[in-house]
Every structure is written in structure tokens, then in C-alpha cells.
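# coords please:
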Amino acid sequence: MRSRRIAPVLAASAVAALIPALTPATASAAENPLPQHLKQRPAWHRCNSEAPASFQCATLKVPLDYSRPGGKKIDLAISRIKASSPTERHGVLLLNPGGPGGQGLDMPQSLSAELPKSVQRKYDLIGFDPRGVGRSSPLSCGLTAEEENWQRPYKAASFAKDVKWARTVAEKCDAKQGDKLPHITTRNTARDMDVIRAVLGEKKISYLGYSYGTYLGAVYTQMFPRRSDRIVLDSAVDPARIWRGMMQVWSEGSEPAFTRWTEWTAQRNATYKLGNTPDKVRKTFWALVARANRKPIELNGASLNGDDIRAGRAMFFSVREAAEEIVELKKAADGKGSSSTPDTVRPERPAPPAFGAGVPSDNYSASFWAVACSDTRAWPRDPEQYRRDAIRDKAKYPLYGDFASQIKPCAFWKNGSEPATTIDNKVGVLTLQNEWDSQTPLSSGLGMHRAMKGSRMVTVAGGVGHGIYGSKSCADKTATAYLTTGKLPAKDVTCQAPAPARERSSAGKLPLPMPPGIPGLPGRF
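A predicted model of the protein is given here:
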């Protein structure tokens, strides 16, 4: 579909269009159809028979294209658990788990077991599947499992095949979803959030967003600063590096994490026997990679080459878990591995009943690429640029550099409906950041803090894992105080993770979408 040029005043007009949400519309629906969306009354119902009666769902209609609010509509699935104390109620707390592509409809139920009771007394917890995701008019490009695999290391011999893969994904998505793709953007999801606000009868919204959800929250504050109440951005994306740069942040952040792991493991050579100096531990790892490239290592039913091992770069942010996993890998390489799954495997978080039914199998991938490619026009179009960058970054960041800079479908994606959003405002928000976060490394969180000039940042020194609030972190106290009183700390805060938490990841405690780890090993990101 041809890219539509939207007038530069769209962002301002969108705000203006939503301002009358709580007052009678002065224009007719024919003159301005958007107020009709704002007058919707959600038909709340029990989300499913196995969920508590207090967990309610509804479906709204929103414009696919906000510059044509009278045109095609799409579904927006929302959910809620009401504040437990009507007399203490402050408003609504919208929730997003990240992604892009993560389903958020179940978050009120999932987080009700993790968030402090003082927060639940004050807020209706509001979940939603972002446009194109889950129950909200889900995207599907008809991608095969192999086409969904984007962990592709750079190799000169296979580069042409990888270019073909990227082009194929873009073309299949365009063929199946071309009318939708330009409008599956963070800016439009932020507009959807403001429709939710208006439909719920709220003058402002509070918000808790994790990972990609931090960028969504930042975009909302940029577009609707006067509608933003208490905003918590947990494990933040750097808005200046959307989106290719955020993938490259993974490789940049993995190298210091790997160095830290070699130092920690060397000090515990009596336990792990991977080397009694950081250099020896490093050599042990790279010898395993080389060995697997010569002959794949069989582990728990998976056949692993060296690139498969490098693709698990995120494990090194959790030093103890990485040491345990590399020990398992070394045993398998030496023919001493167990055919059973290691004891350290954690069970997968079960999907909420019925929520996964009817969602296309490639929905996460399709919606991820839709947002990542449509949000910004900064993706290089020349495949040779990706080749040069992958070669450069493999040398600079040997663990993951070529994976991050290798060609992606965005090289062939048609432009989204609008340019990227520049985040530069003074809205008061609270950002939370673990020092050793694999998905949004510390440099990324600092980037968000710089962009959000009214923000305060809580850094968990020694903190490991992706996603903080609700994981019983030392940052919880500050976040809870902010959500319950509206008062930001007077200055940035640093708190210390307890000793055990500096070695193991908190990932898995929160309902966040996480990538897989090394095949055959417990992936904890």
C-alpha cells in the first residue's frame, strides 16, 4: 500500500480532537467522527470462565488511521480489575508488558499477585493488547517458523540468503497486511491509549510500562503531556536509538556483562572448573564456540553450533546462571551431558486461559516487525550497509555484534504513516533500571532518563534481570511511594541489590515477553 503523507499538524490536532472527550461534542459526527469513538461504553464481561469474576474484558473500536477517523476501524481489546478501595481510588493505571508485540490483556490479573496492595487500592488496573497484537485485530504475515527466526549471524557465504529472507518477510507482510502496516506504530498505540482514557471517563491516566512499554509511555507523554499523571517506565528503551540502535545496544551491553562473568567465574573455579583467571574462562568459552562450529554439540535434544551459543549472549548478565549453563554445555561437548533437562530450568509461565486461542502463531513476529519498521525511517535501505556494519560490529563486539547489525526486514519495509517521535519533554516520570539488564542495558535506561527531562531514575546497583517493579526489588519502595502519593524523589536514587540478586536474574517473575535462550539450555533473560 502507498505510504500516506499525514499533515504536520496531525499530532496537535489529535490532541485537540481528544480534549473534548469528557464534554459534549460540538461538531457533528460527519464533520469529525472521532468523538463517536470517545463516546463508546465498554460492554464489560468476565474475561473467561476460569478467570475471577473481578477480571473483566471489553472490546473498543478505534480508527486504523487517525487522520481518517471515519474510515476503517479495528478492535482494541481491554481489561480491568477495579481498585479494591473505592474510597481511596485515584484513577486508572494502564499496563504494558513490552515487545513490541507483547500481549497485555492479562496483565491486571498477572500483576495483581505482584503489585503492592496499596497500589491496588488506588487504581483500576487496565490491560490492553496493543493494535495488531493478540485480541486487538491481530496481524499475521503467514510466516513459517524459519522465517520467524531472525537470529542470523553474518557470514559472507550466506549473506545473499539472509537478504532474501529479509525481503521475503517484508513482502509477505505487505501482501497480507499492507493496508494495516503503516498504521501499526507506537504513535497510534499512544492515541489508542488516549481513547481508552476518554472512554473510561478519566481526565488523566497513570501508566506502568516495561521494556518497549517505556517507549510507548514516553511517546504518550510527548503527545499528551496534560493527560499524563503518574508514569513509571521500567527497564527503559533509549528513545534516541529506535529501533536498529536498540538491537545494537544488545551487543554493546553484552561485552561488559561477559567480562564481568569471566571475572566472577574465575573466582569460583573450584566450583565450575572453567578457568582460574578471567582470560582462561574466556578461552574456555570461545573454545566451546569453535568446537561447536566444527562439530555441533548435542544437548537435551538440540544440536548447537557456535552461533547458537553466541546467540545466547543474554545469559551472561546473570553470572551464576551463565556459569551453570556453560558447565552443562561443556559436559555435553565432552560426552558427559545428561539427556534430561538441567535442574535449573524454570517452568514456562502458563498462558492465561483462552487468551491465546485464535491468535495467529506468527502474531508476535508480525507485530514486532510492524512497529520496529514503521516507527522510524532511519533503517538503511542498502543491503551492503548491513554487511559492512555486521563485519565491523562482529570485530568490535564478538559475542553478538554481527547478529545485531545483520540485515533485517525493515530494509525492505514501506514507510510508516509518520516519522519517528522525538522525545524531549519535562513531564515528571519515574524510571527504574537494573545495572545488569540484558534487554535494556544500563546505557539504554540512561538514554531514556536524558530524554525525559522531568524524570527521576532509580538504579538498582548490581541488579540483574529485565523488569523490576513487582519482582521484590529495592526499587519497589520508591515506585510504590510515587504511585500512591504522586511525589517523585527529590533526586535520582541508587539502591543496592542484595548479594544473591546480583548473581541470578529476576526474569520470569513478571509477565514480560522474553526471547528464548540457547536451544537445549534454560533460557533466562
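# so where do the strands sit in the chain?
Ranges of strands in the chain, per DSSP state E, are 45-46, 56-63, 73-81, 91-96, 123-128, 205-210, 228-234, 297-299, 302-304, 429-436, 456-464, 493-496.
# For the last one, buried residues please.
Right, the one you point to is strand 493-496. Neighbour-count burial for strand 493-496, counted by 16 or more other CB atoms under 10 Å, picks out 493, 495. Just so you know, the C-beta spots here come from the backbone N, C-alpha and C atoms, and that holds for glycine as well.
# what mean pLDDT would you report for it?
On average, the pLDDT along strand 493-496 is 97.
# possible to save the strands of the chain as CSV with distance to P360?
Formatted as CSV, the strands of the chain follow (distance: least, CB to CB, whole Å):
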stretch, distance to P360
strand 45-46, 24
strand 56-63, 18
strand 73-81, 14
strand 91-96, 20
strand 123-128, 18
strand 205-210, 24
strand 228-234, 28
strand 297-299, 31
strand 302-304, 26
strand 429-436, 33
strand 456-464, 34
strand 493-496, 42
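# which stretch among the ones you listed comes nearest V169?
V169 sits nearest to strand 73-81 of all the strands of the chain, at 22.1 Å, using CB to CB.
# name the helices or strands packed onto that closest one?
strand 56-63, helix 107-111, strand 123-128, helix 186-199 (3 or more CB pairs under 8 Å, 6 or more residues apart in numbering; DSSP states H and E).
# Buried residues of it, list them for me.
Using 16+ other CB under 10 Å as the test for burial, strand 73-81 gives 74, 76-81.
# outside of it, which residues touch it?
Here strand 73-81 makes contact (CB atoms under 8 Å, 6 or more residues apart in numbering) with 42, 44, 47, 54-64, 92, 105-109, 112, 120, 124-129, 131, 134-137, 180, 192, 195-196.
# hmm, back to that, wait, which of the strands of the chain is closest to L329?
Taking CB to CB, strand 297-299 is the member of these nearest to L329, at 6.4 Å.
# which residue sits closest to L233 in space, ignoring its chain neighbours?
Distance criterion CB to CB, 6 or more residues apart in numbering; nearest residue to L233, sequence neighbours excluded, is T214 at 3.8 Å.
# ugh, wrong one, I meant G213
N96 (3.3 Å).
# what is that neighbour paired to in the beta sheet?
Counting by DSSP bridges, N96 is bridged to G209.
# quick one, what contacts it?
Applying CB under 8 Å, 6+ apart, we find N96 in contact with 102, 104, 107, 128, 130, 207-210, 212-213, 216-217.
# Check it and give its pLDDT.
N96 is assigned 98 on the pLDDT scale.
# next one: A14
Looking at A14, the pLDDT reads 36.
# For G142, which residues are in contact?
G142 is in contact with 172, 176, 362, counting by CB under 8 Å, 6+ apart.
# Look up how far Y66 lies from it.
27 Å (CB to CB, to the nearest Å).
# Neighbours of A479, how many?
Residues lying near A479 (other CB atoms under 10 Å) number 24.
# quick one: it and L432 touch, right?
Yes: with contacts counted by CB atoms under 8 Å, A479 reaches L432, the gap being 6.3 Å.
# if we can go back for a sec, which of the helices and strands packed on strand 73-81 sits most buried?
Counting by mean count of other CB atoms under 10 Å, strand 123-128 has the highest mean neighbour count of the helices and strands packed on strand 73-81, with a mean of 26.
# Distance from the chain centre to it, please.
Remark: strand 123-128 is offset 18 Å from the chain centroid, using CA atoms, centre = their mean, to the nearest Å.
# Can you list the strands that it pairs with?
Sheet pairing of strand 123-128 (DSSP bridges) gives strand 73-81 (antiparallel), strand 91-96 (parallel).
# Can you give the contact residues for it?
Applying CB under 8 Å, 6+ apart, the external contacts of strand 123-128 come out as 76-83, 89-96, 104-109, 111-112, 115, 136, 192-193, 196, 200, 206, 483.
# quick one, that strand and strand 205-210 angle?
60 degrees (axes from the mean of the first three to the mean of the last three CA atoms, to 10 degrees).
# Do me a favour and average the pLDDT over strand 123-128.
98.
# how many other residues sit next to W150?
18.
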